[in-house]
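**Student:** Quick one, fold the following:
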Amino acid sequence: MTKKYDKEFKLQSVRLIQEEGKSVAQVAREMGLHENTLYRWIA
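**Tutor:** Residues are numbered from 1 along each chain as shown. Below is the predicted model:
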């Protein structure tokens with residue numbers, strides 16, 4: 001089953017990578033996400 005995330009959660013997660021310079025792996029761990037999910041949101 002696919003988990004749904006709201007737009008604000010996605011934006012917050014991507015901001016941590018792009019603006020705060022955190023790694024995808026680090027944000028994935030902190031937010032409880034799979035790294036591939038974050039890569040899709042960044043693309």
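
**Student:** pLDDT below threshold where in this protein?
**Tutor:** The chain contains no residues with pLDDT under 70.

**Student:** give me that answer again for 90
**Tutor:** Applying pLDDT under 90 to the chain picks out residues 1-3.

**Student:** What segments of it are helices?
**Tutor:** Secondary structure of the chain by DSSP state H: the helices cover 7-18, 24-31, 35-42.

**Student:** closest to residue 1 out of the ones you listed?
**Tutor:** Proximity to residue 1 (CB to CB) singles out helix 35-42 among the helices of the chain, at 14.2 Å. Where you see a C-beta, it was placed from the backbone N, CA and C, and this is true even at glycine.

**Student:** Same list as before, the helices of the chain that is, but in TSV and with mean neighbour count included.
**Tutor:** Shown next, in TSV, are the helices of the chain (neighbours: other CB atoms under 10 Å):
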stretch	mean neighbour count
helix 7-18	14
helix 24-31	15
helix 35-42	14
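
**Student:** Export those helices to TSV and append columns for distance to residue 1.
**Tutor:** Below are the helices of the chain laid out as TSV (distance: least, CB to CB, whole Å):
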stretch	distance to residue 1
helix 7-18	18
helix 24-31	19
helix 35-42	14
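
**Student:** so how far is residue 24 from residue 17?
**Tutor:** 6 Å (CB to CB, to the nearest Å).
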